[in-house]
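Student: would you be able to build a 3D model of this:
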Amino acid sequence: MQDIRVQEKELKSLVKRKLTEAGLNEVDAGIVSDVLVHADLRGVRSHGVIRTEHYVTRLGAGSLNKNPTFDFNKVRSGAGLLDADDGMGHSACLEAMNRACELAKESGIAMVGVYNGSHCGALSYFMMQAISKGMIGIGVTHTDKCVAPFGGSKAFFGTNPIAFGFPTRKYDPVILDMATSNTAFGKILHAKEQNTSIPDDWGIDEDGHPTTDPHKVAALTPFGAHKGYGIALVIDVLTGVLMGAEYGPHITAMYGDYNKPRKLASTMIAIDPETYAGFDHFIDKMDAMVDDLHAQPPAPGFERVLVPGEIEWQNERYNREHGVPVLESLYQYLKSD
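Tutor: Residues are numbered from 1 along each chain as shown. Next comes the predicted model:
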């Protein structure tokens, strides 16, 4: 399938229109379109506008609240809970990170948990929100079973991503946003759309054997074997278990059960560097670290040592200038009535 390039403004407008036509309120539709196009701009197409049709399906089935009322409760200094009312996870996590940043100004560090939520898109978006307020951002979320535990042959945990965002002075912010599986499930979906093969360490078939056919993937594999499996477990604890939601195999499936709210949990954390060594000291040290890493001799086959998020920033600048790559079939869907 062929890609075409679409300007950022047009792509956001198309996504927003599709969501509002499905009944989602204007504000949330704008936030969701911003988060999805953010992912595509950065080259993370698995979390981009390809997700629009799924949200439209859930809005139509009634499992996503088209006009939610978020209920925030500051439970202690530096701690809060946000009931997302089965609304869009993108809006809920944005609200949670904003609240965490406000609380962190008072307490130095703050954590806001989201419950009764849904899929929230790329966590890097919320890290940027924290960075824009002079904060360090940390975010985790969970999803339904699609990753086999280390040593297992069947799916148990979700891809359970984790993200960190660090402000800098002269460089682009350092952002690490990663799934705890070897790849995001959205990349399997993207391979299916393009009818391309996948690396043999991304997933296993129904019998637990590695496969290069995205259509045969029954479960993803954790990154780093037992290490990724352990971190996936921790993330389900810090989201589902801690926030009173579910974990792993007990979470409503993303694909299927479209009429059932997913009741996902997410956790957003903000840290004020001013509380510790001071903001200016922090960002100067971050720049020094990036300088030192760039100065490291590259290994054979590499041009230079990069920091987390650097490739994505390069993608974002290029795609802003030349247009966002989108599958032509997806573009036609977004334009359709």
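Student: where do the strands sit along the stretch 151-300 of the chain?
Tutor: Ranges of strands within the stretch 151-300 of the chain are 162-166, 174-178, 203-204, 219-220, 264-271, based on DSSP state E, counting those that start in this stretch.
Student: out of those strands, which is closest to residue 291?
Tutor: strand 174-178 (12.4 Å; CB to CB). (Glycine included, C-beta is placed from N, CA and C.)
Student: how about the closest one as PDB, C-alpha atoms only?
Tutor: This file holds the C-alpha atoms of strand 174-178, laid out as PDB (Å, rounded to 0.1, in the frame of the first residue of the first chain):
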ATOM      1  CA  VAL A 174      15.300  13.900  26.000                       C
ATOM      2  CA  ILE A 175      12.200  11.600  25.700                       C
ATOM      3  CA  LEU A 176      12.200   7.900  26.200                       C
ATOM      4  CA  ASP A 177       8.800   6.300  25.300                       C
ATOM      5  CA  MET A 178       8.800   2.600  25.000                       C
END
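Student: which ones are touching residue 189?
Tutor: 46, 50, 214 (CB atoms under 8 Å, 6 or more residues apart in numbering).
Student: list the contacts of residue 318.
Tutor: Contacts of residue 318 (CB under 8 Å, 6+ apart): none.
Student: which SS class is it?
Tutor: helix (DSSP: H, G, I helix; E, B strand; the rest coil).
Student: what's residue 213 sitting at in phi/psi?
Tutor: phi -100, psi 110 (degrees, to the nearest 10).
Student: what do you get for residue 70?
Tutor: Dihedral angles (degrees, to the nearest 10) for residue 70: phi -70, psi 140.
Student: dump the residue contacts of it.
Tutor: 82, 83, 84, 85, 87, 91, 92, 95.
Student: the last one: how many residues sit nearby?
Tutor: Burial of residue 95, expressed as a neighbour count using other CB atoms under 10 Å, amounts to 20.
Student: isn't there a helix covering it?
Tutor: Yes: assigned with three-state DSSP, residue 95 falls within a helix.
Student: may I see the contacts of residue 70 organised as a markdown table, with secondary structure added?
Tutor: Shown next, in a markdown table, are these (three-state DSSP):
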| residue | secondary structure |
| --- | --- |
| 82 | strand |
| 83 | strand |
| 84 | coil |
| 85 | coil |
| 87 | coil |
| 91 | helix |
| 92 | helix |
| 95 | helix |
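Student: quick check: the farthest pair among those?
Tutor: Most distant of the contacts of residue 70, by CB to CB, are 83 and 91, 12.8 Å apart.
Student: so which of these two has more stuff around it?
Tutor: residue 91 (24 against 18).
Student: make sure the more buried one is actually in contact with residue 30.
Tutor: No: applying CB atoms under 8 Å, one finds residue 91 not in contact with residue 30, separated by 9.3 Å.
Student: tally of neighbours for the residue lying closest to residue 51 once chain neighbours are set aside?
Tutor: Leaving aside its chain neighbours, residue 51 sits nearest to residue 36 (6.1 Å; criterion: CB to CB, 6 or more residues apart in numbering). By other CB under 10 Å, the residues close to residue 36 number 26.
Student: give the helix, strand or coil label for the closest residue to residue 158 other than its chain neighbours.
Tutor: Once flanking residues are discounted, residue 158 sits nearest to residue 143: 3.3 Å by CB to CB, 6+ apart. For residue 143, the assignment made with three-state DSSP gives coil.
Student: phi and psi next, for residue 143.
Tutor: phi -150, psi -180.
Student: on that earlier part again, contacts only, for the residue nearest to residue 51.
Tutor: 15, 47, 48, 49, 51, 52, 121.
Student: and the gap between the fourth one and residue 15?
Tutor: Yep, that's residue 49 we're talking about. To residue 15, residue 49 is 5 Å away according to CB to CB, to the nearest Å.
Student: any shared contact partners between these two?
Tutor: Common neighbours of residue 49 and residue 15 (CB under 8 Å, 6+ apart) are 36, 37, 334.
Student: which stretches of the protein have low pLDDT?
Tutor: Along the chain, the parts satisfying pLDDT under 70 run over 1.
Student: that's a helix at residue 139, yeah?
Tutor: No: looking at residue 139 with three-state DSSP, it is strand, so not inside a helix.
Student: my read is that residue 228 contacts residue 181, right?
Tutor: Yes: in terms of CB under 8 Å, residue 228 counts as a neighbour of residue 181; the distance is 7.0 Å.
Student: tally of neighbours for residue 43?
Tutor: So residue 43, with other CB under 10 Å, has 18 neighbours.
Student: helix or strand for it, just tell me which one.
Tutor: For residue 43, there is no host helix or strand (DSSP states H and E).
Student: over to the one 10 residues further on?
Tutor: Residue 53 is located in helix 52-61, with elements delineated by DSSP H and E.
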